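**Q** Pasting a predicted model and its sequence here:
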Amino acid sequence: MIRFSFNEKKAAQAAGVILRRHGGSFDYFSLIKLLYRADRTALIETGMPITGDRMVAMEHGPVLSQVKNCLNQFQGCGRVWGQFISFRDELNCVRVLTDEETTDSLSDYEVEVLVRVDKEHGNKPKWMGLRKESHDLPEYVELHPGPGQVEDIRPETILRHAGVSPEEINRIAAEAAALRRLADDGAILT
């Protein structure tokens, strides 16, 4: 199974890119759907997601597991996140916390993907637009968990549905494993 290393700083900066495009504040549900779409797009196009987060299927569609945890202020997440992005408030809004846009952990390509995904999906209604479309993604249809269930979405499944060859999927898996080992050894910052 392909596993990437979650990069909380990149995830927070990615959220910041989308939030700034919506005046600095945006709906929680819409934000997590757009971040999933951006990671999915980057994975298909380059073999590497933006955040490295674990993708999961839930009742209301696919999401990024750690991003969801960060937004909900769950234990073990938020040390870096809280420097850039607020936690979800009682109105289900998320806000950017810095005046200056910070994207130093993101590549130009990653920022472009975030902008592209937001342009395409960012103004859609959350329930009949974003939620419905996320339920139509092939990796979600394959799992379709019920209420309260969470199932892993394997990157291989997304890549296979996108027409990526088994040989390329194996190459991506090997590269992800090597990068994870480097991150675990402290050779690269996550």
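**A** Received, thanks.
**Q** Spit out the contact partners of the residue nearest to His60 when sequence neighbours are not counted.
**A** Spatial nearest neighbour of His60, chain neighbours left out: Arg131 (5.6 Å); criterion: C-beta to C-beta, 6 or more residues apart in numbering. All C-beta atoms are positioned from the backbone trio N, CA, C, and that covers glycine. Residues near Arg131 by C-beta atoms under 8 Å, 6 or more residues apart in numbering: Phe29, Lys33, His60, Gly61.
**Q** What of Tyr36?
**A** Met55, Gly61, Pro62, Val63, Leu64, Ser134.
**Q** For the closest residue in space to the first one that isn't next to it in sequence, grab the count of nearby residues.
**A** Spelled out, that is Met55. Leaving out its chain neighbours, the residue that sits closest to Met55 by C-beta to C-beta, 6+ apart is Ile153, at 4.1 Å. Applying other C-beta atoms under 10 Å, we find 22 residues neighbouring Ile153.
**Q** what about this protein, any weak spots by pLDDT?
**A** 74-78, 187-190 (pLDDT under 70).
**Q** how about the strands in it?
**A** 25-27, 55-58, 61-64, 93-95, 151-152 (DSSP state E).
**Q** tell me the most buried of these?
**A** The highest mean neighbour count among those, using mean count of other C-beta atoms under 10 Å, belongs to strand 61-64: a mean of 24.
**Q** that older thread, make TSV from the contacts of Tyr36 and add distance to Val141 to it.
**A** Listed next are these as TSV, based on distance: C-beta to C-beta, whole Å:
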residue	distance to Val141
Met55	14
Gly61	11
Pro62	11
Val63	16
Leu64	19
Ser134	10
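**Q** Leu159 versus the residue at the greatest distance from the centre of the chain, what's the distance?
**A** The C-alpha centroid of the chain is most remote from Glu167, which lies 24.9 Å away (C-alpha atoms, centre = their mean). As for Glu167, its distance to Leu159 is 11 Å (criterion: C-beta to C-beta, to the nearest Å).
**Q** Also Arg180?
**A** Distance, Arg180 to Leu159, by C-beta to C-beta: 17 Å.
**Q** again, but for Gln13
**A** Gln13 is 25 Å from Leu159, by C-beta to C-beta.
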